[in-house]
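[1] Sequence and predicted structure, then a few things I'm wondering about:
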Amino acid sequence: LRFMSVHLLSSNSFDLNRTKLKVVRQESIKSKRCLIINPGVIAEELVKEPKFEKKYTTEFWNESSKTDLATFLESNQYDVILLDPSYDISLSHTQLKYINNLRVKQVCVYNLASFYESFTKRIPSVHCKSWLISSDLFYVNSRRNFFYIKRAIDLAVAISITPIAAILVLAAIFCIKVTSKGPAFFIQNRVGLKGKIFSIYKLRTMYYCPEGTNNAFTVFNDVRITPIGRFLRKTKIDELPQLINILCGHMSLIGPRPEKEDIVCRLAEEAPYYNLRHAIRPGVTGLAQVTHPTATPEQNLQKLEY
């Protein structure tokens, strides 16, 4: 009993110490100090990120601050310094020299737009107005080698999985026809490469209604989805007919998901850079689709950042 009591006390103290250590670690992660110089619209977006708020304690400095930048940096120690390129006022030669000297002291200094992209895995939409116009990111079609290699990969993968996909699609067609009335396939016009309209093919997962009579967006636990449709959506079997679109050259394996023409027109009015997504073939899947699988129409511009 004495041995057991000693063992329990020691184990409890170990658990207590481990808990304290965990708290200390969490506090050390949260206590990282970050300074944003000349904060602008990108800084506003970054500080709203929950992950960023947990990891960094943020302070700001701009030209209207009472303290000179050099004095401000000397009197405070920061782990990360971010320069916001969306702010109009540029730094002086002396200020830039002082900031660059901080790198020698192993202080992390980043361009805020690059830090935002690395931290959130997406490009801030507020940075798109100026950056995307001058970036060569969307001139992929002019790079012939890239264009042909990507197309060759699409064809090779699509042809190799078509036999297996055909079996799954035929089985799904049988289940759809047995469990609900209407056609097995769902065909809809979408906007593709260079803004051209094409027909996308999917297996029908909802109860049938004529095109144009039910255009409401899909919601969580949507009552319009059939029981077999829920299974097809969960397993992504309903997307397999899009192999036809890949073989025809309308789509790629990876790229932005194609949207309907009316949605594209509306979003292009809200964001002039929205049409840049049509510089490449739309995809069966992509980073935005994986990250935001249940995005609402209001989140389309945020999804575009991916």
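    Structure's in. What do you need?

[2] mind showing which ranges of the chain have poor pLDDT?
    1-30, 86-90, 126-142, 210-221, 297-298 (pLDDT under 70).

[3] Show the contacting residues for Lys32.
    Taking Cβ atoms under 8 Å, 6 or more residues apart in numbering, we find Lys32 in contact with Lys55, Tyr56, Thr57, Asp79, Val80. C-betas here are computed from N, CA, C, even on glycine.

[4] Most neighbours of all the residues you listed, which one?
    Tyr56 (24 neighbours; other Cβ atoms under 10 Å).

[5] Switch the contacts of Lys32 over to a markdown table; also include secondary structure and distance to Lys48.
    Shown next, in a markdown table, are the contacts of Lys32 (DSSP: H, G, I helix; E, B strand; the rest coil; distance: Cβ to Cβ, whole Å):
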| residue | secondary structure | distance to Lys48 |
| --- | --- | --- |
| Lys55 | helix | 14 |
| Tyr56 | strand | 13 |
| Thr57 | strand | 15 |
| Asp79 | coil | 20 |
| Val80 | strand | 17 |
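
[6] Looking at those residues, which is nearest Phe186?
    Nearest to Phe186 out of these is Lys55 (Cβ to Cβ; 43.2 Å).

[7] so how far is Asn245 from that closest one?
    41 Å (Cβ to Cβ, to the nearest Å).

[8] top helix in the chain by residue count?
    Ranked by residue count, the top helix of the chain under DSSP state H comes out as helix 144-179.

[9] Check which helices and strands that one is in contact with.
    strand 197-203, helix 227-235, helix 242-248, strand 252-254 (3 or more Cβ pairs under 8 Å, 6 or more residues apart in numbering; DSSP states H and E).

[10] how much does the longest one deviate in direction from strand 197-203?
    Here the directions of helix 227-235 and strand 197-203 differ by 110 degrees (axes from the mean of the first three to the mean of the last three Cα atoms, to 10 degrees).

[11] outside of helix 227-235, which residues touch it?
    Taking Cβ under 8 Å, 6+ apart as the rule, helix 227-235 contacts Ala172, Cys175, Ile176, Thr179, Ser180, Leu203, Arg204, Thr205, Met206, Ile225, Ile237, Asp238.

[12] try 7 Å this time
    The contact list for helix 227-235, computed with Cβ atoms under 7 Å, 6 or more residues apart in numbering, reads Ala172, Cys175, Ile176, Thr179, Leu203, Thr205, Met206, Asp238.

[13] now the angle between strand 197-203 and the longest helix of the chain, please.
    Computed with the same axes, to 10 degrees, the direction of helix 144-179 lies at 50 degrees from that of strand 197-203.

[14] List the buried residues in helix 144-179.
    Residues of helix 144-179 classed as buried by neighbour count (16 or more other Cβ atoms under 10 Å): Lys150, Asp154, Ala158, Thr162, Ala165, Val169, Ala172, Ile173, Cys175, Ile176.

[15] same deal with stretch 236-250?
    Using 16+ other Cβ under 10 Å as the test for burial, stretch 236-250 gives Ile237, Asp238, Glu239, Leu240, Pro241, Gln242, Leu243, Ile244, Asn245, Ile246, His250.

[16] Next, format these as JSON lines and append distance to Val191.
    Below are the buried residues of stretch 236-250 laid out as JSON lines (distance: Cβ to Cβ, whole Å):
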{"residue": "Ile237", "distance to Val191": "25"}
{"residue": "Asp238", "distance to Val191": "20"}
{"residue": "Glu239", "distance to Val191": "18"}
{"residue": "Leu240", "distance to Val191": "22"}
{"residue": "Pro241", "distance to Val191": "19"}
{"residue": "Gln242", "distance to Val191": "15"}
{"residue": "Leu243", "distance to Val191": "20"}
{"residue": "Ile244", "distance to Val191": "18"}
{"residue": "Asn245", "distance to Val191": "13"}
{"residue": "Ile246", "distance to Val191": "17"}
{"residue": "His250", "distance to Val191": "11"}
